[in-house]
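Student: this one's structure only:
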């Protein structure tokens, strides 16, 4: 039933969406795509994807819809804006959203889907554009287990691990918690580097010692070179991390959970984002101390 | 010259000092020890160490003095208090302090040693009591390279890695930066766990996903089990981490470097320490949200 | 032209809206009202107000519409929800919103009004229910000066001071900034009281000294008694202050302005709100340290 | 007994000490003074004070010793350094310290005085150099009531209000709490001004509205002009406020009381102090956002 004959729709052709779509095409799935900026679809169209005129047209053509856009307003626009997808989702189809949005929005989408007989999974991803290209993303999934089982063959084309975390919203909750940790880890490294360099010691010394200690981390391997070189080519863009910190803090404040260090870090990311003229990686938080 | 005939003095027989002393004895060094609470010396004395009556007596008997005590006042007491070690340090000897104290105190000690013709290294360690037992500590060292070369055979008995980081004070600076990062990493994990569990998702889910992501870390491996089980048997005691955060913030404030997230985390550690009735591991920061 | 013959509509009959409406009736204005919970209208209806069935009906009956509801979603519901007011606002009428919402929402409302030939002022208030009863509110106003001039006779019935602060959104911006300051002032007092009482000194001593110093403030006069007695009968409810801090931080993050202490305070208010079972005054932030 | 015949010693001739000494001379007290920088004594010597060669000499000449120096190390130097005052304090004399230091140091001094038969009061002041000149300082006093009664005639020459707050240390505790509040109030104003000005609204508008609201305060009256003009001629120097915030946080951390917003504010003061090239008023915290 999940044979390549299943028609897939893909909305959102950014850094993540394009390689995810390419992997779906390679796996033999018929693919219909849409993006606000149509030019982003060129590579996929050249590879065989059909370019739709609207989110609505994508949904109408799909047994399985996947969206991955930049933030909650973009997702609400795609679903409920002019020629939005929601009204055209087919009864019996599956809709998976891999954007990072609030758990509340995930639950709102889930309810709207249920009214139309559509099964929904919130399934944000981690792994970066590199993971998207290799088909090695990690999916954090909220929704029904049975829906996940049916979606699994398609998701496995794009990801190496599918974590089922609870009902709708759970995927987003874990994603926001994860990104808070990443943001704080990078900020912690930046604060420590600011301290040692102001004390006259090269930052490389700190990183070298950390590699031999419990302070070692994935973040250290991946982001320390950026901080030491003061170069922040976007891999996970600052503006998205800043948005995700906002979503995490919104969630925490709704639940009445104090997150003091996360809140402190968010203000630093905010200051750096406010001062930045170009698109930067979130590790540019280091600039708070370099400028 | 660094043959086992060299007489070593060891002051401070806590969780770290005892196994470090045992390794020195095993390596064949004549060892004289002192501890404020003398009973802590029993195991070492049974293994052949000589128990001195004062820090002064230890210093007078040593070609190489090692101190590892809990905080700056303890170290100042050992060096300059009644029957303190400083006045008895032998010209030409080497003194290595492995306590975690301020870089300023390290430099003050260095100056006092220089006046007496004693060479000093600040050399705090990381690796925990487990690393101390295995002789696999990591030494973070400030001081003269030549002094380090001469001390190396002895330090290698206790540690697997010796990082030379700069002049006196550099070892302490890097140590404080390291511990700030560890404190923030554990706090970040605790904040994220507080968020997901309040949202109704088991904390284990978050940890499981993190292990597959860039958010993986040494801290996650070692401390996440504590947080999930809400059990905090001291490995790195809360009171020492809280003290180290204070030293890191003191240093930062002297240098005029803002450390917003470190400062936020320190207040949480403070609240937990203030409410704790027993000795806890620093990962007990999680209690801020569990109580 | 602004004679009592002008028909006024009032939506939102909470702690503030009811006394504001009563003052309008006393001044002789024909008044039509609506509230989600209709029973809140009883006193006003008894005094001569007409109770409408929907926000739409209020707008249709009014030359001058005033809204004062609890938060942005409530305001959006009143304006654009089922039987919302926006569609019925009369060309040439004036609409004044005294809720505290985001400047962005104020500008969105302004644009929607302009399309219908309606003039809009954002005009949140300060002064509490006491000020509302006495007709001594302070209005913080964004919008056209000419509109304000025309609205002035009506607003003066409810307020003693009308500050014109800039274009639409400026009233809300100043209101959010004001409330951030109030929230931080009360939190500062709470932190200081927590410190001195833990040190064994009665909090009354601190308050007494403050009254003789530059640390004296309106907040000290009004809120210190609550903190000292640990009694928080709502005057300015915690849930609203917490919401306003969120709006202030949202605005700051959009603008890229770091507000470190405001962010720290917001997390404390959040923790207290999360733990509270009843409706409390925002000065209950003190409970963070008392429980 | 407290007649002008009583000999007074004064150590510390800064912005506060000089006018305090002048008032003592005007009241007819024989005065002996000392200051690290002797030139600061000129005005007082011209008015009749005797200039001593050391703190020891001052103490030896005094029935009543008053010290007011910049920080704990300065005070420890004056008391226990070379030719320090402590060893020369006369049995039966009274010693009053008006520096701002830690409660712990106040208690240490108290114990040392008791050993010598000297009665001690910790009595930091507020009111600024203006209050010092007018003899209208506010004294925050810890110690024995009887000692205060005996000291009162002399203190009343310099101050308008004497608050007895508890045993030794209580004066310092209240002073640190007070200054935390002042620091947070000014920071709150600065954060709010940063927000409104970035939003395009003149800061004067915010200040004007605040004056009509519960957000009015002594700080607003005294410091808002500095922030609006971006001019920070020292009245209460930034370096002293930064030091006092450190003392307050040290005390809180010893007591296990979390002060999240105070800690956040301290980091901002630290950043501004770190970047400042000249001596500034503490209201220069505003520079965090202006540069």
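Tutor: Nice, thanks for sending it over. Nothing here was measured: the structure is a model prediction, and the numbers come from that model.

Student: Any figure for the gap between the spatially closest residue to residue A:162 that is not a sequence neighbour and residue A:17?
Tutor: Closest residue to residue A:162 apart from its sequence neighbours, by Cβ to Cβ, 6 or more residues apart in numbering or on different chains: residue A:139 at 4.8 Å. All C-beta spots, glycine's among them, are computed from the backbone N, C-alpha and C. Counting by Cβ to Cβ, to the nearest Å, the gap from residue A:139 to residue A:17 is 14 Å.

Student: again with residue A:231
Tutor: Relative to residue A:17, and taking Cβ to Cβ, residue A:231 is found at 26 Å.

Student: Residue A:139 and residue A:17: which is more packed in?
Tutor: Per other Cβ atoms under 10 Å in any protein chain shown, whichever of residue A:139 and residue A:17 has more neighbours is residue A:139, with 29 against 24.

Student: Just list whatever residues bridge to the more buried one.
Tutor: For residue A:139, the beta-bridge partners are residue A:125, residue A:162 (DSSP bridges).

Student: Also residue A:32?
Tutor: residue A:9, residue A:50.

Student: Now do the contacts for it.
Tutor: Contacts for residue A:32 (Cβ atoms under 8 Å, 6 or more residues apart in numbering or on different chains) come out as A:7-10, A:49-52, A:57-58, A:61-62.

Student: Whichever of these end up buried, select them in ChimeraX.
Tutor: Provided next is the ChimeraX selection string for whichever of the contacts of residue A:32 are buried by 16 or more other Cβ atoms under 10 Å in any protein chain shown:
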select /A:7,8,9,10,49,50,51,52,57,58,61,62
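
Student: between the contacts of residue A:32, which is nearest chain B?
Tutor: Of all the contacts of residue A:32, chain B sits closest to residue A:10, with 23.5 Å by Cβ to the nearest Cβ.

Student: okay, the closest one: pLDDT?
Tutor: pLDDT, residue A:10: 98.

Student: right, and it touches residue A:21 too?
Tutor: Yes - Residue A:10 is within contact range of residue A:21, at 4.9 Å (criterion: Cβ atoms under 8 Å).

Student: between those two, what contacts are shared?
Tutor: By Cβ under 8 Å, 6+ apart, the residues touching both residue A:10 and residue A:21 are A:31, A:33, A:44, A:49.

Student: distance of the first one from chain D?
Tutor: Read it as residue A:31. Look at residue A:31 and chain D: by Cβ to the nearest Cβ, to the nearest Å, they are 44 Å apart.

Student: now the residue of chain A positioned farthest from its centre: how far from chain C?
Tutor: The C-alpha centroid of chain A is most remote from residue A:200, which lies 38.0 Å away (Cα atoms, centre = their mean). Counting by Cβ to the nearest Cβ, the gap from residue A:200 to chain C is 26 Å.

Student: So what does that residue have for phi and psi?
Tutor: When quoted as degrees, to the nearest 10, the phi and psi of residue A:200 stand at phi 90, psi 10.

Student: How is residue A:66 assigned, secondary-structure-wise?
Tutor: strand (DSSP: H, G, I helix; E, B strand; the rest coil).

Student: can you count the residues close to it?
Tutor: Neighbour number of residue A:66 under other Cβ under 10 Å is 28.

Student: wait, doesn't it sit right on residue A:7?
Tutor: No - taking Cβ under 8 Å as the definition, residue A:66 is not a contact partner of residue A:7, at 11.6 Å.

Student: picking that back up, separation between the residue nearest to residue A:162 and chain C?
Tutor: Separation of residue A:139 from chain C (Cβ to the nearest Cβ): 28 Å.

Student: again, but for residue A:189
Tutor: Distance from residue A:189 to chain C, by Cβ to the nearest Cβ: 19 Å.

Student: show me the residues around that residue that make contact.
Tutor: Per Cβ under 8 Å, 6+ apart, neighbours of residue A:189: A:219-220, A:223-224, A:227, B:181.

Student: and it, what element?
Tutor: Using DSSP states H and E, residue A:189 sits in helix A:170-198.

Student: Just want the angle from the helix or strand following that helix to helix B:170-198.
Tutor: Where DSSP H and E defines the elements, the next helix or strand beyond helix A:170-198 is helix A:203-211. For helix A:203-211 against helix B:170-198, the angle by axes from the mean of the first three to the mean of the last three Cα atoms, to 10 degrees is 60 degrees.

Student: Can you report how many residues neighbour residue A:53?
Tutor: 10.

Student: For it, list the residues it contacts.
Tutor: A:34, A:83.

Student: That one: what secondary structure?
Tutor: Note that with three-state DSSP, the state of residue A:53 is coil.

Student: Tell me how far it lies from residue A:70.
Tutor: Distance of residue A:53 to residue A:70, given as Cβ to Cβ: 21 Å.

Student: same deal with residue A:132?
Tutor: Distance of residue A:132 to residue A:70, given as Cβ to Cβ: 15 Å.

Student: Which residues are in contact with the residue of chain A found nearest chain D?
Tutor: Ranking the residues of chain A by distance to chain D (Cβ to the nearest Cβ) places residue A:260 first, at 5.4 Å. Shown in contact with residue A:260 (Cβ under 8 Å, 6+ apart): B:191, B:264-265, B:267-268, C:264, C:267, D:260.

Student: returning to that earlier point: unless I'm mixing things up, the residue nearest to residue A:162 is touching residue A:154, no?
Tutor: No - contact criterion Cβ under 8 Å: residue A:139 and residue A:154 do not qualify, at 10.8 Å.

Student: Show me what from chain A comes close to chain D.
Tutor: Taking Cβ under 8 Å from any Cβ of the partner chain as the test, the list of chain A residues beside chain D reads A:260, A:264.

Student: what's the domain layout of chain A?
Tutor: A:8-167, A:173-290 (automatic domain parsing).

Student: Out of those domains, indicate the one that is most buried.
Tutor: Ranked by mean neighbour count, the domains of chain A are led by domain A:173-290 with a mean of 22 (mean count of other Cβ atoms under 10 Å in any protein chain shown).

Student: measure that one end to end?
Tutor: 33 Å (Cα to Cα, to the nearest Å).

Student: so how far is that domain from its chain's centroid?
Tutor: 17 Å (Cα atoms, centre = their mean, to the nearest Å).

Student: Check stretch A:156-168 too.
Tutor: 13 Å.

Student: ditto for stretch A:19-33
Tutor: 19 Å.

Student: what's the distance between residue A:53 and residue A:65?
Tutor: Going from residue A:53 to residue A:65 by Cβ to Cβ gives 16 Å.

Student: And for residue A:56?
Tutor: 11 Å.

Student: returning to what we had before: what about the contacts of residue A:189, which are in helices?
Tutor: A:219-220, A:223-224, A:227, B:181 (DSSP state H).
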